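Enquirer: I would like the atomic coordinates for the input below:
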Amino acid sequence: MVISQTPLRISFAGGGSDLSEFYRDGAGQVISSAIDKYIFVIIKERFDNNIVLNYSSKEIVEDVSEIKHELIREAMIMTGMRRGVEISTLADIPSEGSGLGSSSSLIVGLLNAMYMYQGRQVTAERLAEEACEIEIERCGRPIGKQDQYIAAFGGLRTFEFHPDGTVTNQLVELPARALWQFGSSLMLFYTYRTRNSAEILTEQKKVTRDRRKIIEGMLPLVGKIQDALLARRFDDVGYALHEGWMLKRKMASRISDSQIDELYDRALKSGALGGKIAGAGGGGFLLLYVPPVHQERVRSVMSDLFELTFLPERDGSKVIFNLRRYSFK
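Expert: Residues are numbered from 1 along each chain as shown. Model prediction:
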């Protein structure tokens, strides 16, 4: 039996530049962090040759091609798993529409667990590349590449998306205490609104070329946030988040609306320095940068929302349990 643990993520700046419609005409950049909330994948050998899947639904099939869950089906095909296994997935947060990259964390975790189940340890880069191939090319999802890479590598990193499709990354190295201090100034509130990120991202992909200058205007924020982190000027990250959110709202019609704007304004008036709706926008989690001295006041005015406490996560996807036995078939 194998269990993989794969982190979710928050993105600070550069979102949209990881779409191929953008980086094919000039490199994109993103800065993001893994967080200590996870997707778990459990794989166990079965006595028979059936494939049993447990997620928000249950499937029992005899052949991979019959699997309805497209990410699990494509991951099994890619890794060469065919029959006689039971696969279960567990998540710390709602599986759809959170804005924390859950679908990409799931596919990275599936690949990691499936390779290890077959006795193969693969690199984080390979996990990310293959997760992108499954989500973007095989399943046709209108998403970029940042989520798969931060889920595979973990940590607090900048990523650069090159015109030839390759991706490079750099760890933003902070001592453990500084990373904890920075993470303690971030707050996440669940808006109780789920949204179809595919619809928002499809609209965003269509207008990427026309609104390229908006994304280009966000790219300098990546370096600004990186410099602020390394200099431990953490409040400057909050101001940069606000600057980025003001630009991102212009990218697609459903990224924000009057309700989200009201929540954000409420937080700013109570001491938040900046923030954004996580992920594609339209709902899910609201990320805020709030100096600790103002957090109780923000928490009070946002009491109608669910607060998800978290800290940055240093590790990417990893196998946390691996019990290899002789096959009993």
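Enquirer: where does this structure have its least confident helix or strand?
Expert: Taking mean pLDDT, DSSP states H and E as the measure, helix 197-207 is the helix or strand of the chain with the lowest mean score, a mean of 65.
Enquirer: quick one: mean pLDDT for the next helix or strand after that helix?
Expert: Going down the chain from helix 197-207, the next helix or strand is helix 212-230, by DSSP states H and E. Helix 212-230 comes out with an average pLDDT of 94.
Enquirer: repeat that for stretch 86-94.
Expert: Rounded mean pLDDT across stretch 86-94 is 92.
Enquirer: repeat that for stretch 53-67.
Expert: The model assigns stretch 53-67 a mean pLDDT of 96.
Enquirer: how about the strands in the stretch 1-150 of the chain?
Expert: 2-13, 28-45, 51-54, 58-61, 85-91 (DSSP state E, counting those that start in this stretch).
Enquirer: which positions in stretch 213-233 come out as buried?
Expert: 214, 215, 218, 219, 221, 222, 224, 225, 226, 228, 229 (16 or more other C-beta atoms under 10 Å). In short, each C-beta sits where N, CA and C put it, glycine included.
Enquirer: just give the nearest non-adjacent residue to the second one, would you?
Expert: Yep, that's residue 215 we're talking about. residue 16 (4.8 Å; C-beta to C-beta, 6 or more residues apart in numbering).
Enquirer: which residues in the chain form helices?
Expert: Residue ranges of the helices in the chain, as given by DSSP state H, are 20-23, 70-79, 102-117, 124-132, 146-153, 176-183, 197-207, 212-230, 234-248, 258-269, 295-301.
Enquirer: mind telling me which of the ones you listed the model trusts least?
Expert: helix 197-207 (a mean of 65).
Enquirer: of the strands of the stretch 1-150 of the chain, which stretch is the most buried?
Expert: strand 2-13 (a mean of 26; mean count of other C-beta atoms under 10 Å).
Enquirer: just checking, what packs against it?
Expert: strand 28-45, helix 102-117, helix 146-153, helix 212-230, helix 234-248, strand 318-322 (3 or more C-beta pairs under 8 Å, 6 or more residues apart in numbering; DSSP states H and E).
Enquirer: dump these to a markdown table, plus distance to residue 178.
Expert: Shown next, in a markdown table, are those (distance: least, C-beta to C-beta, whole Å):
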| stretch | distance to residue 178 |
| --- | --- |
| strand 28-45 | 13 |
| helix 102-117 | 25 |
| helix 146-153 | 19 |
| helix 212-230 | 8 |
| helix 234-248 | 9 |
| strand 318-322 | 23 |
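Enquirer: excluding sequence neighbours, find me the nearest residue to the most centrally placed residue in the chain.
Expert: Nearest to the geometric centre of the chain sits residue 101, at 2.5 Å (C-alpha atoms, centre = their mean). Ranked by C-beta to C-beta, 6+ apart and with sequence neighbours excluded, the top spatial neighbour of residue 101 is residue 147, at 3.7 Å.
Enquirer: show the contacting residues for that neighbour.
Expert: 9, 101, 103, 104, 105 (C-beta atoms under 8 Å, 6 or more residues apart in numbering).
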